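Peer 1: Below is the sequence, then the predicted model.
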Amino acid sequence: MIDTAFVSAEEQSLTNRFIDEGFITTPADDRAGLDRIQRRAAELAADFLRLPHSNDPQDLLDNIHTRVSVAELNALRMHVITGLNAEPWLRPTYFRLARSTIETIVGNELCMQRRVNLSIQLPGDDSSLLATHSDVWSGDSPFEVVVWVPLVNVHRTKAMYLLSPSLNGEMQDRMASLRSAEELYKTIKPHATFIEIPYGHVMLFNQTLMHGNRVNEESSTRWSMNCRFKSIMSPYADKRFGEFFEPILLRPATRVGMQYKLPGGFHG
Amino acid sequence: MAEQAGHRGYIGARPLNGSRTPQHVQNIVIRDYAKRKNLQYLLSATEHIMPGSYMVLEDILDELPRLRGLILYSIFMLPPDEARRREIYDRVLREGCDLHAAVEEITLSSRDGIQAVEDILLVNKFATIL
């Protein structure tokens, strides 16, 4: 375990939560930034649906299922996420939502996924499901974390589920004998926890743990964003530096080190 | 609420024939193929990076009753075992669906097309590339 003489009590507490539970939920470091993202998402959704901009963005997002069909859902999602990613302030703001937690759990020389993702899950819709998975299984590095940000309150099936670190290894050992990801879900179902997160909070989770979502059986629509962060010098997998990740924090000592050349010209 | 019928994309994280294609590029190729063939593209599922795992493909096959078919990024993403491939062709055609491979521009919509696909896979197994 980490020598506590080198970390603060608060850092040790966050570290223990991440290792033991696999996730940390915490109030957004930059609440005004989160409100700005939520407001812009609602404006883009309203533009797509040709509605006036709402004074209550959370209400519009929560109840979007009354205004959009499943057939239109992906076009709406693409319109909103393309518009958000086009905002130059989006990624710096997204980082600031969880900066203190990211720096404690990952480090302070960081790269960030180039595009922030958006999920919209209408009540009863089975077209936007994410089967049980670990991001590592589809080419992410085990050194990454995910910052997951709901734009509305999420609870029960409106949220995502995660398998605890204490059970993940045992379930992975059974995987090769199972036929499909749906069979895998049935195996882990009794142990998977849906994580309740009120709007205004963010979650950082260990994406090597099995997670996913199910049909949203609640009465309102889920809107959540996700983005991956990793220590810039840690190993990459199929999601490569440049094409998937780009540096956001590189410290001067590292820049100096990368450019340094030993004196040359010796012939003896 | 049933999903609107369309063609599910299928991409992978494992190298194919020794080459790696970024996943977002695989999706661009599939989306372009679907557009040119006038197919309704549904968001791709990504196969596991673990060698020999086809769990994600099995999920898509389970989904076939609600789809019109699937679009593989490449025909070489199919399992190496011929018997298992033939089970896949059977399931796809039995459900009234079709199977496409975007890179090779292959469409399998009837039993008549199976041997042509198998010939490609067989030759690829033995032929060398300079």
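Peer 2: Alright, I've got the coordinates.
Peer 1: where along chain B do the helices fall?
Peer 2: Taking DSSP state H as the criterion, chain B contains helices spanning B:23-36, B:55-63, B:82-94, B:114-126.
Peer 1: Give the buried residues for the second one.
Peer 2: When neighbours are counted by 16 or more other CB atoms under 10 Å in any protein chain shown, the buried residues of helix B:55-63 are found to be B:Met55, B:Val56, B:Leu57, B:Glu58, B:Asp59, B:Ile60, B:Leu61, B:Glu63. In short, each C-beta sits where N, CA and C put it, glycine included.
Peer 1: As JSON lines, the residues you listed with distance to chain A would be great.
Peer 2: Shown next, in JSON lines, are those (distance: CB to the nearest CB, whole Å):
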{"residue": "B:Met55", "distance to chain A": "5"}
{"residue": "B:Val56", "distance to chain A": "6"}
{"residue": "B:Leu57", "distance to chain A": "9"}
{"residue": "B:Glu58", "distance to chain A": "4"}
{"residue": "B:Asp59", "distance to chain A": "5"}
{"residue": "B:Ile60", "distance to chain A": "9"}
{"residue": "B:Leu61", "distance to chain A": "8"}
{"residue": "B:Glu63", "distance to chain A": "9"}
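Peer 1: Could I get those residues in JSON lines, plus columns for pLDDT?
Peer 2: As requested, the buried residues of helix B:55-63 are exported to JSON lines (pLDDT from 0 to 100):
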{"residue": "B:Met55", "pLDDT": "95"}
{"residue": "B:Val56", "pLDDT": "95"}
{"residue": "B:Leu57", "pLDDT": "96"}
{"residue": "B:Glu58", "pLDDT": "95"}
{"residue": "B:Asp59", "pLDDT": "94"}
{"residue": "B:Ile60", "pLDDT": "95"}
{"residue": "B:Leu61", "pLDDT": "96"}
{"residue": "B:Glu63", "pLDDT": "93"}
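Peer 1: Return the closest of those residues with respect to A:Gly33.
Peer 2: B:Val56 (35.2 Å; CB to CB).
Peer 1: Pick the most buried one from the helices of chain B.
Peer 2: Neighbour counts (mean count of other CB atoms under 10 Å in any protein chain shown) averaged over each of the helices of chain B peak at helix B:55-63, with a mean of 21.
Peer 1: Check which helices and strands that one sits against.
Peer 2: helix A:181-188, strand B:7-12, strand B:41-47, helix B:82-94 (3 or more CB pairs under 8 Å, 6 or more residues apart in numbering or on different chains; DSSP states H and E).
Peer 1: As PDB, could you dump the C-alpha coordinates of it?
Peer 2: What follows is helix B:55-63, C-alpha atoms only, in PDB (Å, rounded to 0.1, in the frame of the first residue of the first chain):
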ATOM      1  CA  MET B  55     -19.000 -12.900 -27.400                       C
ATOM      2  CA  VAL B  56     -19.900  -9.600 -29.000                       C
ATOM      3  CA  LEU B  57     -20.700 -11.200 -32.300                       C
ATOM      4  CA  GLU B  58     -22.900 -13.700 -30.500                       C
ATOM      5  CA  ASP B  59     -24.800 -10.800 -29.000                       C
ATOM      6  CA  ILE B  60     -25.400  -9.400 -32.500                       C
ATOM      7  CA  LEU B  61     -26.600 -12.800 -33.700                       C
ATOM      8  CA  ASP B  62     -29.000 -12.900 -30.800                       C
ATOM      9  CA  GLU B  63     -30.200  -9.500 -31.900                       C
END
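Peer 1: How much space separates A:Arg255 from A:Ser231?
Peer 2: Going from A:Arg255 to A:Ser231 by CB to CB, to the nearest Å gives 16 Å.
Peer 1: out of the two, which sits in the busier spot?
Peer 2: A:Ser231 (19 against 10; other CB atoms under 10 Å in any protein chain shown).
Peer 1: what's the closest non-adjacent residue to that one?
Peer 2: Using CB to CB, 6 or more residues apart in numbering or on different chains and skipping residues adjacent in sequence, the residue nearest A:Ser231 is A:Gly107, 4.2 Å away.
Peer 1: How many neighbouring residues does that neighbour have?
Peer 2: 16.
Peer 1: Mind pulling up the pLDDT for the closest residue to A:Arg31 other than its chain neighbours?
Peer 2: Spatially, and ignoring its direct neighbours in sequence, A:Arg31 is nearest to A:Gly200 (6.3 Å; CB to CB, 6+ apart). A:Gly200 carries a pLDDT value of 98.
Peer 1: Contact partners for A:Gly200?
Peer 2: A:Pro27, A:Ala28, A:Arg31, A:Leu34 (CB atoms under 8 Å, 6 or more residues apart in numbering or on different chains).
Peer 1: out of those, which is most surrounded?
Peer 2: A:Leu34 (24 neighbours).
Peer 1: tell me the contacts of the closest residue to it other than its chain neighbours?
Peer 2: Closest residue in space to A:Leu34, ignoring its immediate chain neighbours: A:Ala28 at 4.5 Å, by CB to CB, 6+ apart. Contacts for A:Ala28 (CB under 8 Å, 6+ apart) come out as A:Leu34, A:Leu97, A:Ala98, A:Val149, A:Gly200, A:His201, A:Val202.
Peer 1: and the gap between the third one and B:Met50?
Peer 2: Right, A:Ala98. In terms of CB to CB, A:Ala98 sits 30 Å off from B:Met50.
Peer 1: More neighbours: which of those two?
Peer 2: Between A:Ala98 and B:Met50, counted using other CB under 10 Å, the more crowded position is A:Ala98 (25 against 13).
Peer 1: Now stretch B:95-115: buried residues?
Peer 2: For stretch B:95-115, using 16+ other CB under 10 Å, the buried residues are B:95, B:97-103, B:106-108, B:113-114.
Peer 1: Narrow those residues to those in strands?
Peer 2: B:Asp98, B:Leu99, B:His100, B:Ala101, B:Ile106, B:Thr107, B:Leu108 (DSSP state E).
Peer 1: State the pLDDT value of the fifth one.
Peer 2: Right, the one you point to is B:Ile106. Reported pLDDT for B:Ile106: 96.
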